[in-house]
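>>> Sharing a model prediction with you, sequence too.
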Amino acid sequence: MKSVVKTPAPGFRWLPLQARACSRFLAAPLKSDYQPTGDQPQAITQLVASIKAGHRHQTLLGVTGSGKTFTMANVIAQCDRPTLIISHNKTLAAQLYSEFKNFFPENAVEYFVSYYDYYQPEAYIPSSDTFIEKDSSINEEIERLRIATTSSLVSRRDVIVVASVSCIYGLGSPEDFTELRIALRKHDPLGRNVLLEKLVDNLYERNDYELKRGRFRVRGDVVDIMPAYSELGLRVEFFGEEVDALSEFDPLTGKVLRQLDQFDLYPANQYVTTRGKLEPAIAAIKAELEQRVADFEKNGQLLEAQRIRMRTNYDLEMLQEMGFCNGIENYSRHLTGRKPGDRPFCLLDFFPKDFLL
């Protein structure tokens, strides 16, 4: 095994990675029953020294079974920064996720892959006026893990994310995701009705009978919330207009597991936007709609013009009333205020500038 600095091939574009001096790891160090042996200590020393020297691109070469994953875990343990590990398929990503969870049991080790079990994009056949609705099946557990990833990245630094290429696909704005966080503190003068309004703005649904991820229920002065990224429920108890108690509970048995002094609750969906940005976005969508309808009508494509107007107006009504619509990612440029041609936000934007890749 050896560590080398390689020059990328012509036309290859490296993702941005800024290097800073390494220091202690913020949380618990790497935990393992064995120590680096053979060429591993030399590789770890060279990689860490190269990072300290400010080199942006490095390659670790090693045959199968030589301990490259363990070597990289040691490098991460010596560097004070969040880390993104990209794998080329879900199977290897799951294996790496399991290994890094064992190496760093007290850190936020997260798993971020595509959450679609099935995806059929929408289609339209003008000759027969046939419209095929978009159909997809989302894996709820993977969706929970994705939201947990973004929640960890905006709230702490001891984060290691194992991801597939899905991490470069479009996501919502990290600024909006952070801004919509609900900071719950014991004895804060936060009224119950104010909390309920904030939950709806964060795309949580009220259901007083079945408490599932992304839902909440109200029983008098007690509000039970099932965070979209957690396997435990959050109970908020009020006394008048004040938060009297916070606790985590088992959603199956209702048993309180621990009392809390504070809790930061993040949105139930990654494609959230603030109310202040929603109105300008709707106006921009309407302006683009009129332009596209005019283009279709100019070319005699009346069916296409009627179809896009009907569909877009329906989506706009949903956005105005609910703050969300199916296929909201199609309007992400307007919702995030980007200019035509600008790339969308992705998971990399949730990382600080000094992250390791």
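Thanks, I have the structure now.
>>> Now do the strands in the stretch 1-150 of the chain.
Using DSSP state E, counting those that start in this stretch, the strands found in the stretch 1-150 of the chain span residues 2-4, 59-61, 83-86, 108-112, 116-120, 123-125, 130-132, 135-138.
>>> Check the stretch 151-300 of the chain too.
159-163, 182-185, 205-206, 215-219, 222-226, 233-239, 242-249, 256-260, 262-265.
>>> who's in contact with the residue most central in space within the chain?
In the chain, the residue lying closest to the centroid (C-alpha atoms, centre = their mean) is Thr150, at 3.5 Å. Contacts here follow C-beta atoms under 8 Å, 6 or more residues apart in numbering; on that basis Thr150 touches 171, 174, 177, 266, 270, 347, 350. Just so you know, the C-beta spots here come from the backbone N, C-alpha and C atoms, and that holds for glycine as well.
>>> mind checking pLDDT for the third one?
Right, Phe177. pLDDT for Phe177: 90.
>>> And for it, the neighbour number?
25 (other C-beta atoms under 10 Å).
>>> and if you look at the fifth one?
Each residue near Gln270 was counted by other C-beta under 10 Å, and the total is 25.
>>> Over to the second one?
When neighbours are counted by other C-beta under 10 Å, Pro174 registers 19.
>>> from what I can see it touches Pro344, true?
No: applying C-beta atoms under 8 Å as the test, Pro174 and Pro344 come out as separate, 11.8 Å apart.
>>> Please tell me how far the residue nearest to the centre of the chain sits from Gly214.
Separation of Thr150 from Gly214 (C-beta to C-beta, to the nearest Å): 14 Å.
>>> Kindly list the longest helix within the chain.
Assignment by DSSP state H gives helix 275-298 as the longest helix of the chain.
>>> Also compute the angle for the helix or strand following that helix relative to helix 275-298, please.
Following helix 275-298 in sequence order, the next helix or strand is helix 302-322 (DSSP states H and E). Relative orientation of helix 302-322 and helix 275-298, computed by axes from the mean of the first three to the mean of the last three C-alpha atoms, to 10 degrees: 170 degrees.
>>> How far off centre is the helix or strand just after helix 302-322?
On the C-terminal side of helix 302-322, the closest following helix or strand by DSSP H and E is helix 332-335. Offset of helix 332-335 from its chain centre (C-alpha atoms, centre = their mean, to the nearest Å): 17 Å.
>>> where does the chain have low pLDDT?
For the chain, applying pLDDT under 70 flags the ranges 1-28.
>>> As a quick check, tell me the outermost residue of it.
Gly300 (42.4 Å).
>>> What distance do you get for that one to Pro126?
11 Å.
>>> in the sheet, who's paired with Leu184?
Phe263 (DSSP bridges).
>>> before we move on, back to that, comparing the strands of the stretch 1-150 of the chain, which comes out most buried?
Highest mean neighbour count of these: strand 108-112, a mean of 24 (counted as mean count of other C-beta atoms under 10 Å).
>>> and that strand, what does it pack onto?
In terms of contacts (3 or more C-beta pairs under 8 Å, 6 or more residues apart in numbering; DSSP states H and E), strand 108-112 is packed against helix 90-103, helix 140-153, strand 159-163.
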